[in-house]
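Asks: one predicted model, sequence on top.
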Amino acid sequence: MILSQITELVAICAKKGIEHVILSPGSRCAPLTLAFSRHPEIHTRTISDERSAAFIALGMAQELEKPVALVCTSGSAALNYYPAIAEAFFQQVPLLILTADRPAEWIDQYDGQTIFQQEVYGKHVKESFQFPNHIQGEDDLWHAARISNEAINLAKKFPAGPVHINIPLKEPFYPQPSEEIIFPENPRVIKLSKSSVTLTEDTFSNLKNILSTVQNLLIVPGQQKSDPTLQGLLDQLSIQQNAVIMTDSISNLQSDQTITFHDHWLGNENLSQKLSPDLIITFGKSIISKSLKLFLRKSGAKHWHFQENGEAKDTFQNLTQILPVSPQNFLAWLSKNLRPQNPEFHHSWHSLEKTVSLSLPAVLSEVEFGEYGALNDVLKKIPPFSKIHVANSMAVRYLNFLGKRNPEVRCNRGTSGIDGSNSTAVGCTFTTKDLVTLITGDLAFFYDRNAFWHNYAMPNLRIIILNNHAGGIFRMIDGPKNQPELEEYFETKQKLTAQHLATEYGFFYVKVNSKTELDAALTDFFAPGIHPKILEIESQSPKNAEILKEVKEKIKQILEN
């Protein structure tokens with residue numbers, strides 16, 4: 001029989017807006033699997049590899065901006081969720097993790113598929129709940145329903161994040177053939193009210209007094225979804241008040257009014273003399289650029305960070321003010337209260353931006369074929385309605401070097417690992433009919449090949465693989481690139497291509513080794529089709545390192561002349 005606390009949990013999920021559940025096969029979790037799969041308002045999918053399943057749920061929740069539930073059996077299955085849960089925690093993505101478990105009395109008794117599952121995710125979930133071990137009366141049912149509500153509310157509450165419910169289950173797990181699963185029409189539902197945070201008039205007055213002394217304001221948005229309202233406010237601050245807006249590709253707030261090519265000159269002392277800010281204002285999550293982080297740490301400027309819950313990270317080691325207010329509210333206030341900034345400061349930044357923007361295409365056209373120039377050509381062909389997912393290591397750094405503005409960019413920068421980038425992109429395809437383009441390196445791609453091990457169509461998925469047959473980023477880092485063990489122990493060279501994987505899963509596949517081949521492949525790569533498509537750009541890691549060095553040197557010479 002399917003237990004009443006399980007049917008009520010599922011009914012509560014449906015009432016509270018959880019529409020998608022990713023299931024992984026198992027027997028202990030059968031009551032959860034059957035209840036979710038038979039609920040008429042919930043869409044379930046089965047992903048066998050729990051590590052991939054969790055990243056797929058992450059990709060779905062990113063786009064939907066509401067919780068997606070995960071269900072797995074007991075034992076090591078739950079541990080395989082961990083990488084994606086950590087990513088979701090630091091990227092503030094809502095997940096509801098439901099792990100089936102053996103009853104408490106059987107833990108650590110040499111019984112099968114048992115580990116210590118209570119609070120197994122430690123500090124990487126907002127909270128971990130334990131369902132009642134035995135349901136013996138109405139109080140136990142009330143307790144289970146209360147936990148279900150609290151967990152879902154907490155996953156949604158700003159900042160969003162993963163929440164874990166561990167659910168001990170006893171046999172029997174399966175209903176009788178004639179048994180019907182009946183969901184309560186009116187499950188116990190505890191609503192979450194939206195909080196509205198604003199600053200007091202005294203605080204705004206004090207901030208205005210401080211701003212009256214600021215001449216060189218630098219605003220740095222961190223990772224977030226695109227937001228036309230924020231974009232408009234930032235553009236207004238740049239145009240009307242000469243504030244300098246610095247945007248990495250993952251900020252999704254890039255425009256003609258923002259600085260996007262900063263990686264090409266930050267760190268060059270000859271170019272940085274007129275770039276020091278008086279005040280840095282930040283919001284959102286992480287940034288990609290290491291050179292930007294170092295520049296801001298060395299600046300000595302005061303740093304304000306604002307977000308609704310009043311929490312902040314002192315990334316630049318100069319944090320002086322934490323403001324518990326939404327970006328929309330604060331930027332709207334700032335646009336009305338910031339006096340015009342130093343035009344020379346604004347001009348210094350935008351002059352460098354314009355020079356790189358005009359020079360980089362010509363410089364890339366002069367160098368040999370490699371992944372840097374190839375990606376530049378690919379970005380020109382990606383349709384504006386496509387969503388871009390990008391893997392970590394060199395893929396996301398190239399994107400930043402190229403100053404990509406549109407379309408929206410997703411990257412797992414919560415933990416910045418290479419695992420799960422395929423799966424996250426796959427999860428995105430499950431939420432939209434728009435094109436989803438994954439840009440990835442070879443190691444990230446092959447590491448997560450189980451992302452495609454399922455039975456669901458993904459005709460809107462396009463994958464660009466930068467295959468240099470190694471972990472090419474290690475040739476860009478001063479430490480490992482100078483070691484004799486570079487190729488074996490850091491780059492971990494490999495000979496794989498994606499051709500066999502494409503054949504196995506029924507993907508369209510093309511591999512290119514030259515610009516001529518790339519141009520030909522791009523003519524219809526992003527056209528609609530009935531199968532996912534892979535474009536593999538093959539190059540050599542040492543040559544890519546040389547090209548990157550050559551481009552940097554040429555841009556430096558142009559900027560200094």
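Replies: Arrived safely.

Asks: so what touches the least confident helix or strand in the chain by mean pLDDT?
Replies: Using mean pLDDT, DSSP states H and E, helix 478-481 stands out as the lowest-scoring helix or strand of the chain, at a mean of 73. Contact with helix 478-481 is made by 474-475, 486, 490, 545, as judged by C-beta atoms under 8 Å, 6 or more residues apart in numbering. All C-beta spots, glycine's among them, are computed from the backbone N, C-alpha and C.

Asks: just these: which are in helices?
Replies: Secondary structure from DSSP state H places Ala545 of the contacts of helix 478-481 in helices.

Asks: how about the contacts of helix 478-481, which pair is most distant?
Replies: Greatest spatial distance among the contacts of helix 478-481 (C-beta to C-beta): Phe490 and Ala545, at 12.7 Å.

Asks: strands along the stretch 351-500 of the chain, start to end?
Replies: Assigned by DSSP state E, counting those that start in this stretch, the strands in the stretch 351-500 of the chain fall at 387-390, 409-410, 436-441, 461-467.

Asks: likewise for the stretch 151-300 of the chain?
Replies: 162-168, 217-221, 244-245, 279-283.

Asks: name the nearest residue to Ser276, ignoring sequence neighbours.
Replies: Counting by C-beta to C-beta, 6 or more residues apart in numbering, Ser276 lies nearest to Ser299, which is 5.5 Å off, once chain neighbours are set aside.

Asks: tally of neighbours for the one you found?
Replies: Ser299 has 21 neighbouring residues, counting by other C-beta atoms under 10 Å.

Asks: touching, it and Asp278? I think so.
Replies: No - with contact defined as C-beta atoms under 8 Å, Ser299 does not count as touching Asp278 (9.2 Å).

Asks: contacting residues around the residue positioned nearest the centre of the chain?
Replies: For the chain, the residue nearest the mean C-alpha position is Asn412 (3.5 Å; C-alpha atoms, centre = their mean). By C-beta under 8 Å, 6+ apart, the residues touching Asn412 are 58, 87, 91, 391-392, 420-421, 424.

Asks: among those residues, name the ones in helices.
Replies: Residues of the contacts of Asn412 located in helices (DSSP H): 58, 87, 91, 421, 424.

Asks: from what I see, Leu435 and Pro459 are in contact.
Replies: No - applying C-beta under 8 Å, one finds Leu435 not in contact with Pro459, separated by 9.6 Å.

Asks: so, low pLDDT: which residues of this protein?
Replies: Filtered on pLDDT under 70, the chain yields the residue ranges 1, 195-197, 476, 489, 491.

Asks: mind giving me the domain split of it?
Replies: Domain ranges of the chain: 4-168, 201-352, 367-560, per automatic domain parsing.

Asks: redo those domains as TSV? Include distance to Tyr174.
Replies: Shown next, in TSV, are the domains of the chain (distance: least, C-beta to C-beta, whole Å):
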stretch	distance to Tyr174
domain 4-168	6
domain 201-352	41
domain 367-560	22
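
Asks: Ile190 is nearest to which of those?
Replies: domain 4-168 (3.9 Å).

Asks: where do the helices of the stretch 1-150 of the chain begin and end?
Replies: Under the criterion DSSP state H, counting those that start in this stretch, the stretch 1-150 of the chain contains helices at 4-15, 30-38, 50-64, 76-79, 82-91, 138-156.

Asks: which one of the contacts of Asn412 has the most neighbours?
Replies: Thr424 leads the contacts of Asn412 on contacts (other C-beta under 10 Å) with 32 neighbours.

Asks: show me the contacts for the residue nearest to Ile85 when sequence neighbours are not counted.
Replies: Closest residue to Ile85 apart from its sequence neighbours, by C-beta to C-beta, 6+ apart: Pro162 at 4.9 Å. Shown in contact with Pro162 (C-beta under 8 Å, 6+ apart): 85, 88-89, 93-97, 121, 124-126, 155.

Asks: may I ask which of those residues has the most neighbours?
Replies: Ala88 (32 neighbours).

Asks: measure the nearest residue to that one once chain neighbours are set aside to Leu154 for me?
Replies: With C-beta to C-beta, 6+ apart as the criterion, Ala88 has its nearest non-adjacent residue at 4.5 Å, and that residue is Pro162. Noted for Pro162: a distance of 10 Å to Leu154, by C-beta to C-beta, to the nearest Å.

Asks: in stretch 478-492, what's buried?
Replies: 480, 486-487, 490-491 (16 or more other C-beta atoms under 10 Å).

Asks: with stretch 399-414 instead?
Replies: By neighbour count with 16+ other C-beta under 10 Å, stretch 399-414 contains the buried residues 399-405, 407, 409-414.

Asks: tell me the one of those nearest Arg188?
Replies: Gly414 (32.9 Å).

Asks: Provide a list of residues in contact with the closest one.
Replies: Contacts of Gly414 by C-beta under 8 Å, 6+ apart are 86-93, 285-286.

Asks: okay, Leu435 and Pro459: which has more neighbours?
Replies: Between Leu435 and Pro459, counted using other C-beta under 10 Å, Leu435 has the larger neighbour count: 21 against 13.

Asks: chain neighbours aside, what residue packs nearest to the more buried one?
Replies: Nearest non-adjacent residue to Leu435, counting by C-beta to C-beta, 6+ apart: Ser386, 3.9 Å away.

Asks: confirm for me that the one you found is in contact with Ile439.
Replies: No - contact criterion C-beta under 8 Å: Ser386 and Ile439 do not qualify, at 10.8 Å.

Asks: how close does Leu375 sit to Asp448?
Replies: Leu375 is 20 Å from Asp448, by C-beta to C-beta.

Asks: got it, and Leu23?
Replies: From Leu23 to Asp448 the distance is 19 Å (C-beta to C-beta).

Asks: also Asn329?
Replies: On the measure of C-beta to C-beta, Asn329 and Asp448 end up 39 Å apart.

Asks: those two: who's more crowded?
Replies: Neighbours were counted for Asn329 and for Asp448 using other C-beta under 10 Å; Asp448 has more, 24 against 16.

Asks: please report how far that one lies from Val436.
Replies: 15 Å.

Asks: do the same with Ser148
Replies: As judged by C-beta to C-beta, Ser148 and Val436 stand 32 Å apart.

Asks: wait, which of the buried residues of stretch 399-414 is closest to Ile239?
Replies: Using C-beta to C-beta, Arg405 comes nearest to Ile239 of those, at 16.8 Å.

Asks: now do the phi/psi pair for that closest one.
Replies: phi -100, psi -50 (degrees, to the nearest 10).

Asks: for the closest residue to it other than its chain neighbours, grab the count of nearby residues.
Replies: Nearest residue to Arg405 in three dimensions, chain neighbours excluded: Gln254, at 4.3 Å (C-beta to C-beta, 6+ apart). Number of residues near Gln254 (other C-beta under 10 Å) recorded here: 24.
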